[in-house]
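K.L.:
structure, please.
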Amino acid sequence: MVEQHLRNSMSKIKKVLYDIETFPNILTTWDLFPKNMIPIQNILKERSLICAAWKVHGETKVHSICVRPDDVYNDQEVVETLYKVLSDADEIIGHYSDRFDLPMLRTRALKYGLGPLPPVAQTDTYKMARKYFKFNSNKLDYIAGFLGVGRKTKTGYELWQKCALGDKVSLKKMVAYNKNDVRILGNVYETLVSYAPAKLNTNLITDKIVCPSCGSNDVQKRGISYTRAGKKQRYHCQSCGHWSHGPIKMVKDVLR
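P.N.:
Below you'll find the predicted structure:
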């Protein structure tokens, strides 16, 4: 199993899968179909985080943190906690995270005076799906269902409304919804990742030849790749299916 290889081979490389849930802006309007853009002066409550969930790739436990029922629009603890989790990672993984989760988190972190995140590798499974595949939809729920690796928890806008009122049961349901998203994100990531170039090379933490994607040492030599400059040994991982190659042998070295 890939999960077992991850536990054995990637103890020094930490990949974190994460997801956030947010409140919408609360604003005033005189019309359900305004002719012009609603001005920013109409914002009564800024959008903020309700909860965050994360999981270390290769582990089963999903962690989470949520706002307090008596102060639901104070997301400082949620922001600071997730910010620290992502800061301690070597790679962070989300779905549509480059366009939503990460910018949203940065914006809230800026509000609370937190500095920039340290440089970490970022993987967005939404971008992975768009670049390497042709799904009818690139939404997480659709991809997970298509692959048979889970589905999102069914819910409706009413849940967000009740969370805004500080309803404890609804906040617990939101956390469960959030955590399930992280679980299926992990399943989707694990299924798709072997088709994309590895963001981190696990060969950097071992003297053995291992798969740069999943860390498994169950790799087989599978032919040679040729380039204009030279040639390189090709490897195929028997655990996750990822293809990789060894260092290039330059033409001048081959001809000696």
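K.L.:
in terms of contact, does Pro212 touch Ala198 like I think?
P.N.:
Yes. Counting by CB atoms under 8 Å, Ala198 is a contact partner of Pro212 at 4.1 Å. For the C-beta atoms, the positions are set from N, CA and C on the backbone; glycine is no exception.
K.L.:
what touches both of the two?
P.N.:
Common contacts of Pro212 and Ala198 (CB atoms under 8 Å, 6 or more residues apart in numbering): 242, 244.
K.L.:
flag every buried residue along stretch 15-28.
P.N.:
By 16 or more other CB atoms under 10 Å, the buried positions in stretch 15-28 come out as 15-23.
K.L.:
which SSE is immediately downstream of the helix or strand containing Gly145?
P.N.:
Per DSSP states H and E: Gly145 is located in helix 140-147. For helix 140-147, the succeeding helix or strand toward the C-terminus, using DSSP H and E, is helix 157-164.
K.L.:
hmm, who's touching that next one?
P.N.:
Around helix 157-164, the neighbours that count as contacts under CB under 8 Å, 6+ apart are 23-24, 26, 50, 72, 169-171, 173-174, 177.
K.L.:
one more time with 7 Å, if that's ok
P.N.:
For helix 157-164, the surrounding residues in contact (CB atoms under 7 Å, 6 or more residues apart in numbering) are 23-24, 50, 72, 170-171, 173-174.
K.L.:
so how far is it off the chain centroid?
P.N.:
Using CA atoms, centre = their mean, to the nearest Å, the mean C-alpha position of helix 157-164 is found 25 Å from that of the whole chain.
K.L.:
what of stretch 174-190?
P.N.:
10 Å.
K.L.:
quick one on the thing from earlier: which secondary structure elements does the helix holding Gly145 sit against?
P.N.:
Here helix 140-147 touches helix 168-192, going by 3 or more CB pairs under 7 Å, 6 or more residues apart in numbering; DSSP states H and E.
K.L.:
change it to 10 Å
P.N.:
helix 125-132, helix 168-192 (3 or more CB pairs under 10 Å, 6 or more residues apart in numbering; DSSP states H and E).
K.L.:
might you report the residue contacts of the spatially most central residue of the chain?
P.N.:
By CA atoms, centre = their mean, the mean C-alpha position of the chain lies nearest to Gly94, the distance being 1.7 Å. Counting by CB atoms under 10 Å, 6 or more residues apart in numbering, Gly94 touches 16-20, 54, 86, 100-102, 105, 122-126, 140, 181-182, 185, 189.
K.L.:
how near is it to Leu49?
P.N.:
Distance, Gly94 to Leu49, by CB to CB, to the nearest Å: 14 Å.
K.L.:
and for these two, which residues touch both?
P.N.:
20, 101, 105.
K.L.:
one step back: same list, the contacts of helix 157-164, but as JSON lines with distance to Arg228 and pLDDT please.
P.N.:
Putting these into JSON lines (distance: CB to CB, whole Å; pLDDT from 0 to 100) gives the following:
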{"residue": "Phe23", "distance to Arg228": "54", "pLDDT": "98"}
{"residue": "Pro24", "distance to Arg228": "53", "pLDDT": "97"}
{"residue": "Ile50", "distance to Arg228": "53", "pLDDT": "98"}
{"residue": "Val72", "distance to Arg228": "59", "pLDDT": "98"}
{"residue": "Ser170", "distance to Arg228": "60", "pLDDT": "98"}
{"residue": "Leu171", "distance to Arg228": "59", "pLDDT": "98"}
{"residue": "Lys173", "distance to Arg228": "57", "pLDDT": "98"}
{"residue": "Met174", "distance to Arg228": "54", "pLDDT": "98"}
